[in-house]
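>>> Build me a model from this:
(one chain, ligands or ions: 1)
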Amino acid sequence: MKIRRVLYFFLEVFVKVLVVNAGSSSLKFTMFNMSDQSVLCKGLVERIGLKSPRFIYQRCGEAPTEEVLSIVNHNGAMQAVCYKLIDPEQGVLKNLTEVEAIGHRVVHGGERFTKAVKIDKTVKDGIRQCAALAPLHNPPNLEGIEACEGFFPGVPGVAVFDTAFHQSMQPEAYLYALPRNLYNKLSIRKYGFHGTSHKYVYYEGCRFLGLDPETARVLVCHLGNGSSITAVKGGKVLDTSMGMTPLMGLVMGTRCGVLDAGVVLHLIKNGYTVDEVDVILNKKSGLQGVSGVSSDMRDIEAARLKGNTDAQEAFDLFVHRLLVYIGGYHLLLGGAEAILFTGGIGENSVLSRQAIVSALEAYGCELDEEANQKRQINCVISKPGSKLVAAIIPTNEELMIAQEAMELI
Ligand code: ADP
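From the prediction side, this is the model:
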């Protein structure tokens, strides 16, 4: 084991790992130098296949550049990325063969993928089969994988699944109280999402706070446009708030989260089509729907400070819903030792953290108002001596994917 670690250390010195996140109309990438886990360059191709696709690229320490290119699919996007990586002026590689591994974000791994895997034909078939559960995400993820296979022949690809970390949940957490044949035949159950972020923040939070990750009892709150909370004990997920789809759980930017399934039936019986209900629940609800102001927490905060009562209610609902989950998960954990905040809201919203942590006094958590002013850095925001420690831990899904890819090659 020790020899392996030493070897791994020396190997790392030479390892450049590319992380690719291919969405329906975008492709994000980050190139890591794993010797010191630094970012060499990163970028984004957006509006793929639409009018005026844009390629935004940034080499470490330099200002981002932006170009409009005609890119019709993920293969074209990956080609543009490859040209840029070896561009004599702006690139970070002499040759594409310098890339040692490629880590791909894949949204849904179903029950089949419980951890990151090296990509081969069987894995690609598996990702294709899981597309039934994530029809908008898995197909473009696969296109990104296949584009990379063309441009980086022989370079190992690793699939890192958003759902994998949550596969440690037990049936009492992941089953819905529906007829069992729906689970058996249609795989209807809770899967959970944001798993790569929850995993990264759990281990980074344990390291930062000096907790043993083999035994720690931690609440991870990933609060962004999409939000979820996970109860993690000893590296295993006891429960998570998203469900079979990312619509479930907390109040999000435009998603409703927890909802009486009867509401869906009621809407349909009142003449709304399935597609209309889909749009209402996924795109017109959450902070946006309740406030009528915006899906963006900064706008909600500004409006409520100006006395907008709908924005105030949206904010209160966001906090209330989260507190209900915190209470339940605290009990499941047998008392959490730490609550960690991450994501755009978790890392930046002083007011949201203040409202949430101030309500945790019963659990022995006292807010340190001054520390809570911090943003986007690892930072304890509860007072010394708090039984439940609250902290900000910025997420880094790309680094987690690069690390998982490294571990597999
Ligand atoms: P996504 O889920 O799309 O990755 P992010 O994690 O980037 O989203 O989070 C976006 C959310 O973070 C938005 O609601 C935004 O308002 C919020 N946010 C970002 N910066 C701040 C800030 N300074 N104060 C309050 N909220 C913020």
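>>> Around the ligand, pick out the residues from the stretch 151-300 of the chain.
G224, N225, G226, G253, D296, M297, R298 (C-beta under 6 Å from any ligand atom). Backbone N, C-alpha and C define where each C-beta goes, glycine included.
>>> Surely K284 touches R255?
No. At 9.5 Å, K284 does not count as touching R255 under the criterion of C-beta atoms under 8 Å.
>>> Which one's more surrounded, those two?
Higher neighbour count among K284 and R255: R255, with 27 against 14, using other C-beta atoms under 10 Å.
>>> Would you double-check that that one falls in a strand?
No. Read with DSSP: H, G, I helix; E, B strand; the rest coil, R255 is coil and lies in no strand.
>>> contacting residues around it?
By C-beta atoms under 8 Å, 6 or more residues apart in numbering, the contact list for R255 reads G226, P246, L247, L281, N282, S285, G286.
>>> out of these, which is most surrounded?
G286 (26 neighbours).
>>> Look up how far L209 lies from it.
Going from G286 to L209 by C-beta to C-beta, to the nearest Å gives 31 Å.
>>> Could you do L219 as well?
Taken as C-beta to C-beta, the span from L219 to L209 is 13 Å.
>>> Mutual contacts of the two, please.
A338.
>>> more crowded one of these two?
Set L219 next to L209 and count neighbours by other C-beta under 10 Å: L219 wins out with 26 against 17.
>>> Quick one: mean pLDDT for the one helix or strand A303 maps to?
In this assignment (DSSP states H and E), A303 forms part of helix 297-305. For helix 297-305, mean pLDDT is 97.
>>> elements contacting that helix?
If contacts are counted by 3 or more C-beta pairs under 8 Å, 6 or more residues apart in numbering; DSSP states H and E, helix 297-305 sits against helix 286-291, helix 309-332.
>>> quick one: secondary structure of T97?
State at T97, reduced to three classes by three-state DSSP: helix.
>>> could you list every residue that touches it?
Counting by C-beta under 8 Å, 6+ apart, T97 has contacts V155.
>>> What count of nearby residues applies to M244?
By other C-beta under 10 Å, the burial measure for M244, its neighbour count, is 16.
>>> Contacts only, for it.
Counted by C-beta under 8 Å, 6+ apart, M244 has contacts L133, Y176, I188, R189, K190, Y191.
>>> From T245, how far out is G253?
16 Å.
>>> Look at the two and report which has more neighbours.
G253 (21 against 15).
>>> surely the more buried one meets D299?
No. Counting by C-beta under 8 Å, G253 sits too far from D299 to count as a contact (10.4 Å).
>>> Does the nearest residue to L69 once chain neighbours are set aside lie in a helix or a strand, and which?
Leaving out its chain neighbours, the residue that sits closest to L69 by C-beta to C-beta, 6 or more residues apart in numbering is F55, at 5.3 Å. Per DSSP H and E: F55 is located in strand 54-59.
>>> Can I get stretch 281-290 in PDB, CA atoms only?
Output of stretch 281-290 as PDB, limited to C-alpha atoms (Å, rounded to 0.1, in the frame of the first residue of the first chain):
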ATOM      1  CA  LEU A 281     -43.200  22.300 -11.500                       C
ATOM      2  CA  ASN A 282     -39.700  22.500 -13.100                       C
ATOM      3  CA  LYS A 283     -39.500  26.000 -14.500                       C
ATOM      4  CA  LYS A 284     -42.100  28.300 -12.900                       C
ATOM      5  CA  SER A 285     -42.100  27.300  -9.300                       C
ATOM      6  CA  GLY A 286     -39.600  27.600  -6.400                       C
ATOM      7  CA  LEU A 287     -38.200  31.000  -5.500                       C
ATOM      8  CA  GLN A 288     -39.300  32.300  -8.900                       C
ATOM      9  CA  GLY A 289     -42.900  31.100  -8.600                       C
ATOM     10  CA  VAL A 290     -43.500  32.100  -5.000                       C
END
